[in-house]
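> okay, here's the prediction I keep looking at, along with the sequence it came from:
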Amino acid sequence: MLVKVYGSAVFGVEATTITVEVNIDKGVGYHLVGLPDNAIKESSYRIAAALKNNGYMLPGKKITINMAPADLRKEGSAYDLTLALGILVASGQIQGDEIEQYIIMGEMSLDGSLQPIRGALPIAIKAKEEGFKGFFLPKQNVKEAAIVKGLDVYGIENIQEIIDFFEGKANLEPTKIDTRSEFYKDLDFPEFDFSDVKGQESIKRCMEIAAAGGHNIILIGPPGAGKTMLAKRLPSILPPMTLHEALETTKIHSVAGKLKEVGLMNQRPFRSPHHTISNVALVGGGSYPQPGEISMAHNGVLFLDELPEFKRDVLEVMRQPLEDREVTISRAKFTVTYPSSFMLVASMNPSPSGFFNDPNAAQTASPYEMQRYLSKISGPLLDRIDIHIEVTPVPFEKLSDNQKAENSMTIRKRVTAAREIQSVRFENMDHIHYNAQMNTKHIREYCALDETSKNLLKNAMERLNLSARAYDRILKVARTISDLEASENINASHIAEAIQYRSLDRDGWLG
């Protein structure tokens, strides 16, 4: 008897429906075809044990299973439940008249209980698109799949539950989630708040400008100055995610298997990989490509602490994704693209010992040692970072002050208002949404200067020996500062402030 059961494979952040054809005939043998990997080939042992432990059996006949399309490589153990149901229906052990109307996925333990799978959300989206009635999957993944409206999503714990459903012995209730209420829940209550940070008012201002214009930023300062503390609070002042951004971000985390029992993500991601990370782990890849840290940070913040400690080749592979806002991974038979539109926040000590030329410091470094340390970061990467700011230690008076600082929600309102101005400015452009994404043509159009501002910038570039690359960056940042003040034109005060945020471009800034 021939039976068709449906599963799904995830490539990149999109799913492809897989037809599992199970045929049982005279003879002996178990034949699994359609480019399955080792995890799928080993499923026969898990299926045999699970069926026996639930009162069923793997028939002692010739079992042929084809996973179509046969030229597409299938990976992972999530097809266990699909294969097991197909075998039971094809051998006549259970009824399955409506089985072709459902997508069925799940990894089975030897007792028939189910383990979580990856990519439940994109699978559910594809199932709805192709008109399937419902989706059976492990209970641990049900919240993320139930985000999709118009599809019955059933979370099950054991193979017996789905057997009883198709036999008519039990009535399973689909999981319902109010996507909008889930999305808006805790939207305005970030885990980290800027009110926790004592002092550092100039750095907070700098972070506000970076958030308002989507600018990449690097913080330079000695240990204990508060670089990491400030970076962790940056997502709390970014504009709230839209529902579209939340779905996009949840999709990537679903594919990577990082959602656990969380439904829709409503907080912007903050990723902070260790400096020993490999380039594949950072940008994504592998023999079967998975999203890397830059894609996990999509619509959020990627924080690289101690930037010069990262291997140079790891940092260099980030250059193209920083420009294109996506990363494409090519293999011989297929290509996958992961979105990677993130804000880069980097921090670093100015020297191996971590201290500036401070006569009171226990360890100081010579200008040569500092320069050698800084040279680990390439010019092209620094070229993609708009704001450089020095972070100095907080004095005791500020640390012991009990007065509450401005909270993240107040700052976020100003940032959101500035972003709305930019949305109107770039509404007719497909790939530009905020100031940091402007190219030279847009800078000339939207960053026109009056004579006073032009002279100020000219004098600053000559006196501070600012590099040519600093020119465009200063104009972009000045445009953002003017947006924060709801000013249509850039004036001299905006240029003057933007010039302060190019520390690493100054000739001899180390002293």
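Yep, it's here. Numbers count the residues shown, from 1 in each chain.
> from here on, contacts and neighbour counts on C-alpha atoms
OK.
> please read off the pLDDT at Pro69 from the model.
Pro69 is assigned 93 on the pLDDT scale.
> can you check Glu485 too?
Value listed for Glu485 in the pLDDT field: 94.
> and for it, the neighbour number?
12 (other CA atoms under 10 Å).
> what do you get for Ser467?
14.
> next one: Ser295
So Ser295, with other CA under 10 Å, has 29 neighbours.
> what about the residue most central in space within the chain, distance to Val327?
Among the residues of the chain, the one closest to the centroid is Met296, at 2.2 Å (CA atoms, centre = their mean). Met296 sits 12 Å away from Val327, going by CA to CA, to the nearest Å.
> which neighbours do these two have in common?
Shared contacts of Met296 and Val327 (CA atoms under 8 Å, 6 or more residues apart in numbering): Ser340.
> tell me the SS of Val3?
State at Val3, reduced to three classes by DSSP: H, G, I helix; E, B strand; the rest coil: strand.
> that one and Ala70, how far apart?
For Val3, the distance to Ala70 - CA to CA - is 17 Å.
> who's more crowded, the two?
Neighbour comparison, Val3 and Ala70: the larger count goes to Val3, with 21 against 14 (by other CA under 10 Å).
> may I see the buried residues of the helix or strand where Ser493 lies?
Using DSSP states H and E, Ser493 maps to helix 492-499. For helix 492-499, a neighbour-count test (16 or more other CA atoms under 10 Å) marks Ala492, His494, Ile495, Ala496, Ala498, Ile499 as buried.
> my guess is the fourth one meets Lys454, correct?
It stands for Ala496. No. With contact defined as CA atoms under 8 Å, Ala496 and Lys454 do not form a contacting pair (10.8 Å).
> excluding chain neighbours, what is closest to Gln290?
With sequence-adjacent residues excluded and distances taken as CA to CA, 6 or more residues apart in numbering, Gln290 is closest to Gly284, at 5.5 Å.
> ok, Ile123 next?
Ala15 (5.3 Å).
> what's the first helix or strand after the helix or strand hosting the one you found?
Taking DSSP H and E as the definition, Ala15 sits inside strand 14-25. Downstream of strand 14-25, the first helix or strand assigned by DSSP H and E is strand 29-33.
> report the angle between that next one and strand 14-25.
150 degrees (axes from the mean of the first three to the mean of the last three CA atoms, to 10 degrees).
> before we move on, back to that, nearest to Ile125 among the buried residues of helix 492-499?
Distances from Ile125 to the buried residues of helix 492-499, taken as CA to CA, are shortest for Ala498 (44.5 Å).
> quick check: pLDDT value at that closest one.
In this model, Ala498 carries a pLDDT of 93.
> check Met438 too.
89.
> in contact with it, which residues?
Met438 neighbours (CA under 8 Å, 6+ apart): Ile432, Lys476.
> now His275
His275 touches Leu304, Asp305, Glu306, Leu307, Glu309, Phe310, Lys311, counting by CA under 8 Å, 6+ apart.
> out of those, what pair is the most spread apart?
Taking CA to CA, no two of the contacts of His275 sit farther apart than Asp305 and Lys311, at 12.7 Å.
> can you show me the helices along the stretch 301-450 of the chain?
312-316, 319-324, 367-374, 379-382, 396-399, 408-425, 440-446 (DSSP state H, counting those that start in this stretch).
> which of these is buried the deepest?
Comparing the helices of the stretch 301-450 of the chain by mean neighbour count (mean count of other CA atoms under 10 Å), helix 408-425 ranks first with a mean of 18.
> what does that helix contact?
188, 193-195, 208-209, 211-213, 236-239, 433-435, 480, 483-484, 486.
> what do you get if the cut-off is 6 Å, keeping everything else the same?
Asp193, Phe194, Ala212, Ser236, Ile237, Pro239, His433, Tyr434, Asp483, Leu484 (CA atoms under 6 Å, 6 or more residues apart in numbering).
> hmm, back to that, can you check what pLDDT the model gives the residue nearest to Ile123?
Reported pLDDT for Ala15: 94.
> now do the contacts for it.
With the criterion set at CA under 6 Å, 6+ apart, Ala15 makes contact with Ala9, Pro122, Ile123.
> over to Gln200?
No contacts exist for Gln200 under CA under 6 Å, 6+ apart.
> recalculate using a threshold of 7 Å.
Residues in contact with Gln200 (CA atoms under 7 Å, 6 or more residues apart in numbering) are Val394.
> any idea how far Pro395 is from it?
10 Å.
> give me the common contacts of the two.
Counting by CA under 7 Å, 6+ apart, nothing touches both Gln200 and Pro395.
> low-confidence ranges, the stretch 301-450 of the chain, go.
The model of the stretch 301-450 of the chain has pLDDT under 70 over residues 353-367.
> let's go with 50 and repeat that
Scanning the stretch 301-450 of the chain for pLDDT under 50 picks out the ranges 357.
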